[in-house]
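> Attaching a predicted model along with its sequence, questions to come.
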Amino acid sequence: MDLLRFITAGSVDDGKSTLIGRLLYDTESIFIDQIQALQRASQQKGGQQIDLALITDGLRAEREQGITIDVAYKYFSTPHRKFIIADTPGHIQYTRNMITGASTANLAIILVDARQGVVEQTLRHTIVASIMRIPHVVLCINKMDLVDYSEDRFYEIVHDYQQAISKLQLNEVYYIPISALHGDNVVHKSQRMPWYTGKPLLPYLEEIPVTLDINIDLGRFPVQYVIRPQEEAYHDYRGYAGKIVSGQFHEGQQVTIWPSGWNSTIQRIERNQQTVSMAYAPQSVVILLKDDLDIGRGDMITPADQPPILTQDLEVTLCWMDSSPLKTGDKLLLQHGPALVRCVVKSIDYKIDINTLSQQDAGGKLQLNDVARVHLRTAKPLAVDTYATNRANGAAILIHETSFNTVAACLIEA
Amino acid sequence: MSSHTYDFDYLDYLESEAIHILREVAGQFERPALLFSGGKDSITLVHLALKAFRPGKFPFPLVHIDTGHNFPEVLAFRDALVESIGEKLIVRQVEDTIRQKNLEPPKGKLASRNFLQAYTLLDTIEEFEFDACIGGARRDEEKARAKERIFSVRNEFGEWDPRLQRPELWHIYNGKIHKGENVRVFPISNWTELDVWHYILRENIQLPAIYYAHRRQCLVYEGQLVAVSPHIQIEPDDVIVEKMVRFRTVGDMNCTAAIESTAQTTEDIIQEILSSRISERGATRIDDKFSEAAMEDRKKAGYF
């Protein structure tokens, strides 16, 4: 059994909460006492049936203050797969929220109301999914019950969408006509849309391959921590602890340590306190080298024949997530895996309009939720890949120097 | 592309994610601690820490906030576990906090000290200047936790402010804090109750015996079974029964309900959870039922 992480994008009106509720309910992921609580809440609201949307209902603090916390995680599993849903609210601060949820997602479900068809928000969600390079996108055309389960309407929307996204770099889009409210094509195949020959949503989510979402060609091992036991028996033990974020490593392999550029050979790999001959992403392991080198947290080990880009100049697509603006010349902290360095904003080249992907002049300044192309200069060289080549080694966050808040997401473009 | 295909199991994913988080704590903080309750989730954390740091020592002590109402079996298990792994354990008593702070000890039939734990915890954090506290909370437990970060920054009063959470992107964890603040870290955030049990089964992790079915005298209280102990008031017209029970979560003797069960093994427990379809907290936590937002309130006040 493996694992798929996905994000749901859409506004409340698109039936996103109902869809999540339906997935959880129909896979029997909701416990009896929780269903009873839902029944009580549904009745209080005057409803006869269970309101599935209440499953994703928020905290009291959110209801009272009319705010929404950026992302809630939900879990369910079937005999085939475990699923983690990043549920992000659909309105204000949407870009920041969706990017947060999208950063760990293998798949995005984008919801469209069959009556409305493709709207500006549909494109915005698709563009964010494309910028974040979410490997798989499913367009769920919801509320088919309100358009008489019309095949013509479904294909009209599919056609409109294909036209609209033709310029985007999306790997693959799968189209499913659903009614989250009545359960059509969510878990079970709809009897009311015999013309649809594809898979319902859940079987699709269960079967889509996820292993390809990890770059298996580029070995990347950021060192998190050095294990040095203070016991006589382990006098010479110096183990580099970390998680292989992409690719693979094996005993006897020639490796390079970055940013120093030193070379060595893997003497041994330990995983779960046992020696293994090889290890691969996303395993957490300990690597021991033949040479006694000064390696610490923030360094990266790679196979000698798979070098990363070593640079102090990063060109990034940046999403600004703070309420105070970002300006050219600002100094911040940049965290890339375990590496933490200072950096300065050299230039804000242009803003990206996430409704159209068109470029706009930023005037040297970014506001909350702006997405832009930015040049950064770091105080020390970093071992990176482009986000397009290797998502796991091509992303970084920016941290405010005094508040220590996380203020930006960066995708390394070059 | 290489033709190698990976064997990619969900438990391996969750395990590696948790080990990565534990090592981030070790790499980013000066004085971390692992909050240990003796329950299955914190025992799983200890198991993961062994995988993360052996053959080295843990870069943190285990800290137990003892309410004085624990199951004796759990305390004995705790001491044996600490002995066998050779790690440091710090125990602080809620009893002492009540005395030092002149707090009103809880009254009533079940007299839960659960909410007093937060005081002792915050005092302990101050005493040792802990800058990170690792806990075994999971996001599937209830909805306040579903919205909390893996690295959850708390102010000097230990308070959680759901509106001021840092965005948590990719697998990059920002642990930068000011003096006096601390971070609660939840390495098994993405695990469900069943994931934990499947992992316990796969790894053959030993647990306190009260998790498995045993005969016990229980008070029937508002439809729930509460273990008979010196920590509850028993009155003449109370109904006491002896039943085969087990505990689905481990907390204080007087605020954790037993469930009727014949599950003798971890496999039995997994089957039982699959067929019972009652949530862990719903089945066994007497203290969460008082209000729908009980957990949200306690978190904001510095509870886990």
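Received the coordinates, thanks.
> burial measure for residue 229, as a count.
Just so you know, I chose chain A. Close neighbours of residue A:229, defined as other CB atoms under 10 Å in any protein chain shown, add up to 16. No exception for glycine: its C-beta is placed from N, CA and C like everyone else's.
> Not quite, go with chain B.
16.
> So it: helix, strand or coil?
coil (DSSP: H, G, I helix; E, B strand; the rest coil).
> how far away is it from chain A?
Distance, residue B:229 to chain A, by CB to the nearest CB, to the nearest Å: 25 Å.
> Provide a list of residues in contact with that residue.
For residue B:229, the contacting residues are B:69, B:253, B:254, by CB atoms under 8 Å, 6 or more residues apart in numbering or on different chains.
> helices and strands of the chain: which one bottoms out on pLDDT?
If you meant another chain, say so; for now it's chain A. Every helix and strand of chain A was ranked by mean pLDDT, DSSP states H and E. The lowest is helix A:60-65, at a mean of 60.
> my bad, the chain I had in mind was chain B
Result, chain B / mean pLDDT, DSSP H and E: helix B:280-284, a mean of 62.
> Report the spatially closest residue to residue A:134, excluding sequence-adjacent ones.
residue A:108 (4.6 Å; CB to CB, 6 or more residues apart in numbering or on different chains).
> Would you map the helices across the stretch 1-150 of chain A?
With DSSP state H, counting those that start in this stretch, the ranges of helices along the stretch 1-150 of chain A come out as A:16-26, A:32-44, A:60-65, A:94-102, A:120-131.
> ranking these by mean pLDDT, which is last?
The minimum mean pLDDT among the helices of the stretch 1-150 of chain A belongs to helix A:60-65 (a mean of 60).
> Compute the first-to-last residue distance for stretch A:321-332.
Counting by CA to CA, to the nearest Å, you get 13 Å between the two ends of stretch A:321-332.
> In it, which residues are buried?
For stretch A:321-332, the neighbour count (16 or more other CB atoms under 10 Å in any protein chain shown) marks A:321, A:322, A:326, A:328, A:330, A:332 as buried.
> which SS state does the closest residue to the second one other than its chain neighbours fall under?
Once its chain neighbours are removed from consideration, residue A:322 has its nearest residue in residue A:407; the separation is 4.0 Å (CB to CB, 6+ apart). Using three-state DSSP, the structure places residue A:407 in strand.
> could I get the buried residues of stretch A:321-332 as CSV with secondary structure and distance to residue B:78?
Converted to CSV, the buried residues of stretch A:321-332 look like this (DSSP: H, G, I helix; E, B strand; the rest coil; distance: CB to CB, whole Å):
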residue, secondary structure, distance to residue B:78
A:321, coil, 42
A:322, coil, 43
A:326, strand, 49
A:328, coil, 56
A:330, coil, 49
A:332, strand, 44
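> Would you point out the most distant pair within these?
Across those, no pair lies farther apart than A:321 and A:328, at 18.0 Å, counting by CB to CB.
> picking that back up, neighbours of the residue nearest to residue A:322, just the number please.
26.
> Touching, it and residue A:318? I think so.
No: counting by CB atoms under 8 Å, residue A:407 does not reach residue A:318; the two are 9.9 Å apart.
> picking up where we left off before, most tightly packed of the helices of the stretch 1-150 of chain A?
Counting by mean count of other CB atoms under 10 Å in any protein chain shown, helix A:94-102 has the highest mean neighbour count of those, with a mean of 25.
> In PDB, could you pull the C-alpha coordinates for that one?
As requested, the backbone C-alpha atoms of helix A:94-102 are provided in PDB (Å, rounded to 0.1, in the frame of the first residue of the first chain):
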ATOM      1  CA  TYR A  94      -5.900  32.000  -1.800                       C
ATOM      2  CA  THR A  95      -2.500  32.000  -3.500                       C
ATOM      3  CA  ARG A  96      -0.600  31.700  -0.300                       C
ATOM      4  CA  ASN A  97      -2.900  28.900   0.900                       C
ATOM      5  CA  MET A  98      -2.900  26.900  -2.300                       C
ATOM      6  CA  ILE A  99       0.800  27.100  -2.600                       C
ATOM      7  CA  THR A 100       1.300  25.800   0.900                       C
ATOM      8  CA  GLY A 101      -1.000  22.900   0.200                       C
ATOM      9  CA  ALA A 102       0.400  22.300  -3.200                       C
END
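> tell me the contacts of residue A:199?
By CB under 8 Å, 6+ apart, residue A:199 lies in contact with A:176, A:207.
> count of neighbours near residue 155?
You didn't say which chain, so I picked chain A. 14.
> ah, no, chain B please
Applying other CB under 10 Å, I find that residue B:155 has 15 neighbouring residues.
> Once you drop chain neighbours, what's closest to it?
Distance criterion CB to CB, 6+ apart; nearest residue to residue B:155, sequence neighbours excluded, is residue B:181 at 5.9 Å.
> Name the residues of stretch B:171-181 that are buried.
Buried residues in stretch B:171-181, counted by 16+ other CB under 10 Å: B:171, B:172, B:173, B:174, B:175, B:176, B:177.
> out of all of them, which helix in chain B is the longest?
Looking across chain B with DSSP state H, the single longest helix is helix B:10-28.
> And for chain A?
Under DSSP H, chain A gives helix A:151-165 as its longest helix.
> So which elements touch that one?
helix A:120-131, strand A:136-142, strand A:173-177 (3 or more CB pairs under 8 Å, 6 or more residues apart in numbering or on different chains; DSSP states H and E).
> Pipe the ones you listed into a markdown table and attach distance to chain B per row.
Below are the helices and strands packed on helix A:151-165 laid out as a markdown table (distance: least, CB to the nearest CB, whole Å):
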| stretch | distance to chain B |
| --- | --- |
| helix A:120-131 | 13 |
| strand A:136-142 | 16 |
| strand A:173-177 | 21 |
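> Take the ones you listed and write them to CSV, including distance to residue A:374.
Converted to CSV, those look like this (distance: least, CB to CB, whole Å):
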stretch, distance to residue A:374
helix A:120-131, 14
strand A:136-142, 26
strand A:173-177, 29
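> Tell me which of these sits nearest to residue B:269.
strand A:136-142 (35.2 Å).
> what sits up against the closest one?
Contacts for strand A:136-142 (CB under 8 Å, 6+ apart): A:10, A:14-15, A:19, A:106-114, A:126, A:129, A:154, A:157-158, A:161, A:170-180, A:201, A:204-205, A:208.
> hmm, 7 Å instead?
The contact list for strand A:136-142 (CB atoms under 7 Å, 6 or more residues apart in numbering or on different chains) reads A:14-15, A:19, A:106-114, A:126, A:129, A:154, A:157, A:161, A:170-180, A:201, A:204, A:208.
> Would you mind writing the ChimeraX command to select the buried ones in those residues?
Per 16+ other CB under 10 Å, the buried members of the contacts of strand A:136-142 correspond to this ChimeraX selection:
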select /A:14,15,19,106,107,108,109,110,111,112,113,114,126,129,154,157,161,170,173,174,175,176,177,178,179,180,201,204,208
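> Of all the helices of the stretch 1-150 of chain A, which one is nearest residue A:221?
helix A:94-102 (25.0 Å).
> And for residue B:57, the neighbour number?
By other CB under 10 Å, the residues close to residue B:57 number 16.
> domain assignment for the chain?
Reading this off chain A. The record's domain split for chain A, according to automatic domain parsing, is A:2-213, A:221-303, A:309-412.
> Can you look at chain B instead?
According to automatic domain parsing, the domains of chain B span B:10-195+B:293-300, B:208-289.
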